[in-house]
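Novice: fold the following.
(2 chains)
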Amino acid sequence: MNVLEVKNLYKSFGPIKAVDDVTFNVPQGSVFGLIGRNGAGKTTTLRMMMNIYTPDSGEILFHGKPIDNDFKKSVGYLPEERGLYKKMTVMDTLLFFADVKGKSGNEIKKKAIEYLEKFDLADRKTTKIQDLSKGNQQKIQFIATILHDPEFLVLDEPFSGLDPINTDLLRQIIIELRDKGKVIIFSTHLMDFAEKMCDYITMIEQGKIILDGKLSELKTKYAKRNVSINYSGDISFLKGNPMIESIDDFGNTTGIRLKEASQIQGLLKLLVDNKVNIKKFDANDISLHEIFVLLAEQNAGKEVQNV
Amino acid sequence: MFNKRMLSILKRELKDKILSRTFIVMTLLVPMFMIIIMALPTYLMTVDKDESFNITVISEDNSLTDKLKDEIDKIESVKLGKSKVDFLIRDENGLNEYIEENKKDILNEKITGVVYLPKKSAEDKVLRFYSKNPNNKNVFDKLRNSLNQVLTDNYFTGKNLSKDDIKYARTNVLFETFRISKDEMIKAESKGNRIISFLLTFLLYFSLIFMGTMVMRSVVEEKNNRIVEVILSSVNSHDLMIGKILGSAITGLLQMSIWMTPLILLISTSIFIIPEEFALQIDMSLILYFLFNFFVGLITFLGLFATVGSIFDNDQDAQSGIWPIMMLIMIPFFIAIAIQQNPNNSIGNIASMFPFASIIVMPAKMTLIDVPLWQILFSVAVNLATMFGIFSLAGKVYRVGILSTGKKPKWSEVIKWLRYKY
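Specialist: Next up is the predicted model:
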């Protein structure tokens, strides 16, 4: 069942079409990734979903009803550009953010303390934000995002600027919330994270959706001519081979794209014949990164043809 | 217009502003500053009055000396022995010699000055004063009356005039001033209302700029800090702006009311005793009007300041972009000061009912003269209309401005923002 439906959204700023006919659905209990390059239209889409921008046309339905200001109460939003009031204390900050979401009182205070304890910040309740380290400020920002117990979590580039410890912490929170049945939407240009965490993916490029669906299904669809291998030895002889369309070296693994799906056995034989020591040979596997690059290139090609 | 989210913003703003050090310091410092400013001239005048002098009066013959001695001995500081006046009979050459001999004493001000009465002065009253500091008005003022009296008396003596005639000739014209108001008896006018008019004008001017700059900075800070988008995910930009401005305006009103308490106590109780010539002809309704007018004006101008704050993303750019709004405060301020000379001049009359200017000029005018009720009501209507007009314009710029960062926008772009559907 779809909790959130985004239908035919358009948004222009002057001559720039930031979002151009965007449609997607977010199913219940999923981690949903909105991926794309910087400037592709992710933030504008999220801002429309948060009712910060009004779309030029199109609509956003939450449980089948158009969103309004009350919808904001059930959302926790962590924008890419984020900040806190520097001169407020930690506790005042948390209570203020809960208050604007319509939650106040002892219940919330107790919960704030619980979260602070969980994040090792229980002794900093009365510290001013400006006196906290950057990492601790980020923790306060997460707590402020989830303190009012949102049904929906919208995270815009959540991992940008985080140190490794906070990255893990945030990942853990996302998983915990998903297990509680919350819906999590995040946008990122980091394919690695998206691939590891998302159940559903929508890819946006120049304001248009170019890919949309369940991650596992998308992978199967795009992986037919793809093989990923782990090996030791030299595979430079493959370059120029008529079977091969492209080779992407990711360090540990190498992705090879063939011209025909039927050539997979031929590739394996070729590698064995050339005494390459194969540790892993995974047919029909493609990384999200490869899909992204592939589609971005195709899209760019189409642009050229259109011109 | 009011909802819970906006109240949350308002609450935070109030707490943030009222508990801030700047607010507390300003609330206490401004009245102290005002007292110092008002007390300083009075204090300086009393210091001046106490100044002692040592004058030598040289005349060409002794016909006036005795009378002069009698008159000068009546001067307070001479009577008390603080100041000294010597009399010499010399001609012009003798005068020059005297000055030459005593140059050292004159230069180090042991001798404040030398007054020379040539023979001709009995006819034309032209005297000479030699001093290191010949423009010292204080000494003049003290000696002038005595000298004038003696010379006048001398001139008319033997001319068959009565003492009364001479007295009449001696006195200058004196204005006694009266204030005419519609519903009260004619009363002797005092300087008190002019001081209050100046004070109210100054407080308005100061507080509008002070609160305005504070709001502008806090908008720039929110934008610069990127906190604004977090807040916008809970509150829409309209609620954010209104909450912010109302919070600050209430803070400003509170501060102004604190500043008004001495004045309220002055007119409603007898705790303070003020000299007759400074007596005030104002009542509580003026103070209430002043506070109401201030609140409306504050909301209007805070709307403008917040808008400018939202356009720029750093303090420096915002400071340089604020000048059109500063003009809207400064020009009326100068008009309000100018009408103290003539409260009924036509610029003052127009300004007191003109958008923006009315906020500053009308209270000053009301303190000085009786303003017809229709003018007051008209000015209130103009101010309220301006306030609502500014709000709808400001809201449109604000909602675009707070989310646009990076390049400093041109004014033409800002005008385009008004048409954006956001």
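
Novice: buried set for the one helix or strand residue B:241 maps to?
Specialist: Assigned by DSSP states H and E, residue B:241 belongs to helix B:237-268. Neighbour counts over helix B:237-268 (16 or more other CB atoms under 10 Å in any protein chain shown) mark B:237-253, B:255-256, B:259-260, B:263, B:266 as buried. No exception for glycine: its C-beta is placed from N, CA and C like everyone else's.

Novice: pLDDT weak spots in the stretch 151-300 of chain A?
Specialist: A:284 (pLDDT under 70).

Novice: how about the stretch 1-150 of chain A?
Specialist: Regions of the stretch 1-150 of chain A meeting the criterion pLDDT under 70 are absent.

Novice: need the helices for it, in chain order.
Specialist: Remark: helices assigned in the stretch 1-150 of chain A by DSSP state H, counting those that start in this stretch are A:42-49, A:90-100, A:106-118, A:134-146.

Novice: closest one to chain B among those helices?
Specialist: Across the helices of the stretch 1-150 of chain A, chain B has its closest neighbour in helix A:90-100 (4.1 Å, CB to the nearest CB).

Novice: who touches the nearest residue to residue B:250 once chain neighbours are set aside in this structure?
Specialist: Of all residues not flanking residue B:250 in the chain, residue B:14 sits nearest, at 6.2 Å (CB to CB, 6 or more residues apart in numbering or on different chains). Contact analysis of residue B:14 by CB atoms under 8 Å, 6 or more residues apart in numbering or on different chains lists B:247, B:250, B:251.

Novice: quick check: residue B:14 is in a strand.
Specialist: No: under DSSP: H, G, I helix; E, B strand; the rest coil, residue B:14 falls outside any strand and is assigned helix.

Novice: can I see the domain layout of chain A?
Specialist: What automatic domain parsing lists as the domains of chain A is A:2-218, A:220-306.

Novice: deepest-packed of the ones you listed, please.
Specialist: The highest average neighbour count among the domains of chain A, using mean count of other CB atoms under 10 Å in any protein chain shown, belongs to domain A:2-218 at a mean of 18.

Novice: could you dump the helices of the stretch 1-150 of chain A into JSON lines with distance to residue A:214 added?
Specialist: Below are the helices of the stretch 1-150 of chain A laid out as JSON lines (distance: least, CB to CB, whole Å):
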{"stretch": "helix A:42-49", "distance to residue A:214": "20"}
{"stretch": "helix A:90-100", "distance to residue A:214": "34"}
{"stretch": "helix A:106-118", "distance to residue A:214": "32"}
{"stretch": "helix A:134-146", "distance to residue A:214": "26"}
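
Novice: turn the ones you listed into a markdown table, including distance to chain B.
Specialist: Conversion of those to a markdown table gives the following (distance: least, CB to the nearest CB, whole Å):
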| stretch | distance to chain B |
| --- | --- |
| helix A:42-49 | 8 |
| helix A:90-100 | 4 |
| helix A:106-118 | 13 |
| helix A:134-146 | 7 |
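
Novice: which one of those lies nearest to residue A:239?
Specialist: helix A:42-49 (35.6 Å; CB to CB).

Novice: the closest one packs against which elements?
Specialist: Here helix A:42-49 touches strand A:2-13, strand A:16-27, strand A:31-35, strand A:152-156, strand A:183-188, going by 3 or more CB pairs under 8 Å, 6 or more residues apart in numbering or on different chains; DSSP states H and E.

Novice: dump the C-alpha coordinates for stretch B:225-235 into CSV.
Specialist: Only the C-alpha atoms of stretch B:225-235 are listed here, as CSV (Å, rounded to 0.1, in the frame of the first residue of the first chain):
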residue,chain,number,x,y,z
ASN,B,225,22.7,29.4,9.8
ARG,B,226,20.5,27.3,7.6
ILE,B,227,18.1,26.9,10.5
VAL,B,228,15.3,28.4,8.5
GLU,B,229,14.6,25.3,6.4
VAL,B,230,14.4,23.1,9.5
ILE,B,231,11.8,25.5,10.9
LEU,B,232,9.9,25.7,7.6
SER,B,233,9.4,22.0,7.7
SER,B,234,7.1,22.6,10.6
VAL,B,235,5.9,26.2,10.2
